[in-house]
Structures are given as C-alpha cells and as structure tokens.
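K.L.:
how would this look folded up:
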Amino acid sequence: MLLCRRLLPRVHTPIRVYAQQIIGSQIHGKALSRSRPANVSVHNALLEAADLVPMLYRTSSTEKELLERVARISTWLPPHMSKKSPPMEKMVEALPDPFAAYTELRRQDRTLAASLPLPILVALSEKATKHGLSTIVDGIAADVLDEFITTSNRQLRVATALLSAARHDPPILGKQKIHSLLVLLRQLDALSVLSTANVSTIVKRIVDNPGIDPYDAKIADILLPIFHQSLIKHSAPKSAKSMSYRPPGDVFIAFGLIHKLIAFDRDRHALHLFQTLTSTCHIPVEAFTEVCHTSAKDENFALVVRSTLVRACLHWSWYNRALDIVATAIRTQLSTDVAVTALALSTLHLALHNASPNHFKHCAWLLCHLTKSAGNVIVPDSMVRLFYDKAMHLQDGPSAEVFYRDTQSPTVIRRIKYPIPRGRSLTWLMNYLSTTSRNVHLARTLAKQVIDEMEPIPLQDRAHFITLAASHGFATSARTLWERYSVGRDREAVLGNASLMLRMVSIFSKLVYRAKAEIEELTASQDEAAQSTASMLDKRQQQLDQFVQFTERVISNFRMSKGSLEETSHYDLSTLARAYITLGRVSEGLDMLKVLLQRYEIPDIYDINIALSAMAELHPRRAVSIMKKMVERGIRPDAVTFGTIIHHAILHGELRLAGYLIGRAKELGCEELSAKTTASLIRASVNVDGAPKSVLKDNLQRAWEIIQSGDVSSVVHSPNTGKYCIFASLRLDDPVMAFRFWETLVKEKTEWGDRKQVFQRRLIADMIQRHCQGGALSRSHGRQMLAQLKERRVLL
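P.N.:
Down below sits the predicted model:
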C-alpha cells in the first residue's frame, strides 16, 4: 500500500481519492467501510492503477491521459435516466468517457489498447455488453480474434466476458464472431467456463431464428455437448407432482433445437437429444402411441420425430412451438401426408385459441396452405369460423383478407365451399374489406354470399352492414338486404336508422340520375332505329320507375318509424333534410330545417352544411357568398363545408373557384380536407380538357405523391381514382406511370375478370409493347410489367 501511495499521485483519476481515504484510515486506525461492493470496487481500481504504472512510463502525454480515463471504467456508472429522458440507445451515439477514451486509444495504438490490464479489459467488455455498446464489443472481440490480446489466460477471460453479449436484446455481437470466440475457447479447452445461462441464451437465439444460417449449425455443434449435459439434470416427476409440473426453459429450447438440428441435417445429434428428452420423461408416452397409430409405415425420420415433438408440445400447452414445427414439416414435404394433415389440423385448433398476434400469422399461412392443397384436405367449418373470430379479436384484417380471398378462388370453390364469417366477425370483415383495404371485389363477393347463403346478420349490425354495402356502390345487394330485414319484429333497426336511409337514398338517386340520362339519350336517337330503341327505352323507363318507387319507400318508411316531425330528434330531421336535398327536392329538405327553427333549436354546422350542399349543387358561387357571410358573423366553416362546395365546384367545371376555396380553407386553419374532397381534386386535376402535357404530367406526379403518402383506407385509394389516373397516364404516353396506378389502386381491388380492368390492362400492355419496340423502355422492365398484367405481347 505504501508503494501504491507513492505511485498513485502520478495517475490523476478519481481512484486516487479512494486510495488516499483508505490509506488515511489505516494510518489513523479508523475502521474501513463495511460495504463489500464498495471495497471490492476500490480494491480492483487499486490493482488496475498499479498495473497501469509501467505503461505510463513508456507512453506519450496524450496516451497517458487516455489511459487514465480508461482506468475509470471500474468505478464508472451509467448516468441516471429519468422517465422523460431519451432511451439508452442515445448513449451509444455519444460514448461515455471511459469507452470514448478506449475507442480513441485503440484508434491511435491498437497494440497498446490490447495490452491494457486484464481487469480493465474485462470491465470494458462486461459493461459495454451490459449497456449495448456494440462498437466497443466488436473492437475488443476483433483484438481477441486477431491475437492482439495475447496469452491464453487473457484471451479466455475476455472471450468469456464478451460471450455474455449474446444475452443482450437486440443482439450486439454477430454470429460469426460468436462462433470464432467459441472456437477459441474450444482450442483452449475452456468451454466449461461458460455459464449455463449464457449457453442457453446462445442456443435460444439459434432456435428463434426463422431462417437457416450456416453459423447457427456450427455454433450448435460446439455448444450441443454442454447444453446436453445441463439438460440431463432436469427430469420430470412421475408421481402426483407431475400434475403441477412445468418443464424449465431449457426443455422448451431443446424442443426447438431438435427441430433445428433436423433442418441442419444433424439427424444423429437430433436423435441423441430426442432420446435424452424421452429418458427425462419430457416426451410423454402418449406422443409415441399416437405416432405409431398414424405413421406406422412411415420411415421418414424427420416426420416421425417432428410429429412426436408436436404432440409433446401440445401435452405441455406449447402451442406456438408446435405450430412452428408442424409448419416446417409441411413446407419440407413434397406432398401433404394424411398424418401430417391430421397433425396440422389438431395443432391449429389449439393454436388458434391461444395464438398471439405474431403466431396468428403462422396460423393464417398454414390454413391458406391447407385450403389450397391439391389433396383431399378439408378444413372443418368450425375452424374456419374460429379463425375469423380470432382475426377480429386480434384486429388482423390482412390475414383475414388473404384467407377469404383464397377460399373464394375458383380452384378451391370447385373442390369445396368454405363458410363465411358468422356473427360480429361478419360485419368486421365487411368493414375491413370495404373501408380499410378498399378491396371492392372481395367486399362485393362477401355481400353477395350473405344474400345467396341466407347468412343471418346480427341485429345490432344489420343497419351498419347494409350501409357499408350501399356506400360502396353495391346497390342490388343493399336493396335485397334492406328488403329482407325491413319486415318482421326487428324491422325498426333497419327502417329507423338515419345513416342507412341516407346511404340508400344517395346511391339510388345516382341510379335515378343515370337512368334519366340514358332515357334522354335513347329518346334523342329514337328515329334512327325505332323498334330496338323503343324496347330499350321501355326497359330503362321500368328501371327508373322501380328506382324512384324504392327510394320513396325508404324515405316514407323512415318517416313512419319516427312518428310526427315534432317528436323527431334533431339528428334525424337533419338527415331527412339532407336526403330530400340529395333527391333534388330542396323545398321539402328546407321544410325539415324549418321544423328545427320552429322548435327554437339552434342549427349546428351539420345543418348549415346541408343547406349549403343544396345551394352548391345548383350554384357553387352563391354557396361561396353565403359562406363568406358566415365567416363575417363568426361562424367558422369546417372541412366538410369547404369539401362540399369544392366538390360541386369541380363538378360544374369551376376549377378556379375550387382553387380559391382551397387557399381560403388554409387561411382559416382547415389544413386537412376530407379524403373525398382530395379524391375529387385528383380526378379533376388529371381530367382537365385541353390542358398542356406539362401541366398534366405535374398533376399526375402530385396525385402519385398524395396516393403514396396517404392512408390506404381513404377514398383516394379506390379503383375509381385509379381509373382516372390510368387514362391520364395513357394520354401522356407513359405506360410506366399507368402501370403504377393500376398496380396500386386497381389490381387487387377489383375482380380480375371485370370488363373495365381487362380493358385497362390491354391498353397498358399495348403501350408497353410499343415503347419496348421503339426502344423507349427496356425489354426486361417491359416483361416484368406484362407478367404482372398477365398479358402476352411480342417484344421485338
């Protein structure tokens, strides 16, 4: 200690203070602190400081300063992080002082950094590992592997400390370096120094990797004997205690490791581990019995072992592990075996009940594989409905959409007809398909199936389901469902729903308008072909009469369900007013608003928007003037107000007025217009007659940026928007842009055989062919797009 006392003043570190305190206490006979960790830390710091002394005499002043800073690692503690502070990852970007000093020292002299005292190197390794400092860990590991750190003892201690980095999540040490460090320990005959926890963590990382990594197999070869020895210590009880026994984590890892070893073609190692699990009673006898019954003649080692493991997993309620194993077994089979199918179905039944969001996607993949398999595999109806219910519970719409799409494919339907969702999951899937994913084809198919199969819709969801069908243009399906549920004891749930009434009136008013336009066109051309035109005219007139009668029936039934107007609620009266205005019966719509005024009820912004929409439909500029008066009187328009007038201005060809309103909306703080307004603006901007090509090109580019950055579930991401953008791209002679809009907005959203989509695909394919032949487009790119379009063209 006296020697250290003379040496320590030369090392300017906080250690000097601790050393002086200890030495002073010994000199004056004072008792040392009883805190063992503090004494150990100080003791280590003294040893490290003493070891550094010879290095300080041979180094420059800069290196001395760096060495002094590195020596503080033993007493270094991470800064206190409050709840509002940034996460620990920020510490990695700006390294703390001891680690920053080590990094700089290693950059200047790698040999000197590798020659640091062993306690300092170990402390650097352990603390860098603990706090996820990958730069430090990688540097020290490289020094060990490149033999800058010499002597076997130093290499052993540092390598052992570094391998604890495998326990960090996310991993900070690559598998290649882990393998190299393990090889080094094996050469030193020191694998036994690894702790059981470290070995289990490294093996678990191998098991959890879904892919096949060559280093995983090499690491497993090295660690398997050690892991096997620790596994023998765990044995399942056979007495009454077995009822409450739960296997330890190493056994769970071992199940996955056997599965991995088979994938690595290490059948002998897999069998050895399998026998160990059997001898320790972690694979129950029942698993072997069931395998013998189902696969008695099967000589496939992998299939037999995996089948046994799956049944053992089910015994221990490890459904997710069983799901992983059976999915791999099916992927590696050339044809779906009956035994594997039965195993998959039994696993799926239990896994679906207990699936996490992550593993539910595995269930979806497995179900889709089984439904599309060419054999006689039939998934039970109960399991299909369970899948939809679980998808709704986990809010996993994409998986439900993919599975429903596969079950409705022609190849599957020819073999078997799978059921649609039932209960609340039926409305949930309809809402997801129509509103979130905008898959119009699948949503229309689902609505039609509900009608054809007489699938009952829950009472509380009937109005919402029919509203979804009507709002997305499924007029026939919406009308059929409305007529089905508008009678009987619970008819008020449909007849008296204001949102449903408004949607039905809206869609059928469009059909009335379209029928009238066709009748006018046929009447104008009646002289050219009198006989054929007359029959067509009668047919259209009958359709028009039906549409008008049905619309009147919807409104009258709604009014009857509400009783007298004086007792009708504010919301219902406003909705009724909007319905009349939509039909062009403006005076009747305003009469509904007068009832509100007679009851001394103050109109809200919703009522004002209804009145403005009536005026904007006929005179957009008058609606703007009224909106200006609203602002003068302190009534602030909302996004719906602006969107309504902008929409009608575009329909009237008043693009300058629409531009003015967009600017005015921003001035008043309405930054985000509704998705419906945005869609109208996109359609108008790409469909301007007589616009220069440069303007049209800029508009298309902006439309693409809006579509790319917007919410997929918005109205903007609809096939109707895609249609306008595709034709605008074709007018610009740009097949690549047309293909992008088709792929994003049309491809998966409408039926493949739909006449409009077939026509669009042919136009795009023809232009691709012409551009490839002219040299404006590469043939490889052209072939890729034609393959997606499924159009055959000769590219010379």
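
K.L.:
Would you mind listing the buried residues in the helix ranked longest in the chain?
P.N.:
In the chain, with assignment by DSSP state H, the single longest helix is helix 530-562. Across helix 530-562, burial judged by 16 or more other CB atoms under 10 Å covers 533, 536-537, 540, 543-544, 547-548, 550-551, 554-555, 557-559, 561-562. Every C-beta, even on glycine, is put in place using the N, C-alpha and C of the backbone.

K.L.:
Hmm, residue 427 and residue 465 touching each other?
P.N.:
Yes. Contact status for residue 465 versus residue 427: in contact at 5.0 Å, counting by CB atoms under 8 Å.

K.L.:
the more surrounded of the two?
P.N.:
Set side by side, residue 465 and residue 427 show more neighbours around residue 465, with 25 against 20, by other CB atoms under 10 Å.

K.L.:
Would you enumerate the residues in contact with the more buried one?
P.N.:
Residues in contact with residue 465 (CB atoms under 8 Å, 6 or more residues apart in numbering) are 426-427, 430, 450, 457, 481.

K.L.:
Pipe the residues you listed into TSV and attach secondary structure, distance to residue 419 and pLDDT per row.
P.N.:
Formatted as TSV, these follow (DSSP: H, G, I helix; E, B strand; the rest coil; distance: CB to CB, whole Å; pLDDT from 0 to 100):
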residue	secondary structure	distance to residue 419	pLDDT
426	helix	10	96
427	helix	16	96
430	helix	15	96
450	helix	11	96
457	coil	15	95
481	helix	18	96
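
K.L.:
anything in contact with each of residue 465 and residue 427?
P.N.:
residue 457.

K.L.:
Which parts of the stretch 601-750 of the chain are helices?
P.N.:
605-618, 620-632, 639-651, 655-667, 675-685, 693-709, 719-731, 735-741 (DSSP state H, counting those that start in this stretch).

K.L.:
Please apply the same query to the stretch 201-350 of the chain.
P.N.:
Remark: helices assigned in the stretch 201-350 of the chain by DSSP H, counting those that start in this stretch are 214-232, 249-263, 267-279, 285-294, 301-315, 319-332, 338-354.

K.L.:
Can you redo those helices as CSV, where the extra columns are mean neighbour count?
P.N.:
Formatted as CSV, those follow (neighbours: other CB atoms under 10 Å):
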stretch, mean neighbour count
helix 214-232, 17
helix 249-263, 21
helix 267-279, 17
helix 285-294, 14
helix 301-315, 22
helix 319-332, 21
helix 338-354, 19
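
K.L.:
Select, out of those, the one closest to residue 125.
P.N.:
helix 214-232 (19.4 Å; CB to CB).

K.L.:
Dump the C-alpha coordinates for the closest one into CSV.
P.N.:
C-alpha atoms of helix 214-232 as CSV (Å, rounded to 0.1, in the frame of the first residue of the first chain):
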residue,chain,number,x,y,z
PRO,A,214,-24.7,-21.7,-41.6
TYR,A,215,-23.2,-20.2,-38.4
ASP,A,216,-26.2,-21.5,-36.4
ALA,A,217,-25.2,-25.1,-37.3
LYS,A,218,-21.6,-24.5,-36.4
ILE,A,219,-22.4,-22.9,-33.1
ALA,A,220,-24.9,-25.7,-32.3
ASP,A,221,-22.1,-28.3,-33.0
ILE,A,222,-19.9,-26.6,-30.4
LEU,A,223,-22.4,-26.0,-27.7
LEU,A,224,-24.6,-29.1,-28.0
PRO,A,225,-22.4,-31.3,-25.6
ILE,A,226,-22.6,-28.6,-22.9
PHE,A,227,-26.3,-27.9,-23.4
HIS,A,228,-26.9,-31.6,-23.3
GLN,A,229,-25.2,-32.0,-20.0
SER,A,230,-27.3,-29.3,-18.4
LEU,A,231,-30.4,-30.8,-19.9
ILE,A,232,-29.8,-34.2,-18.2
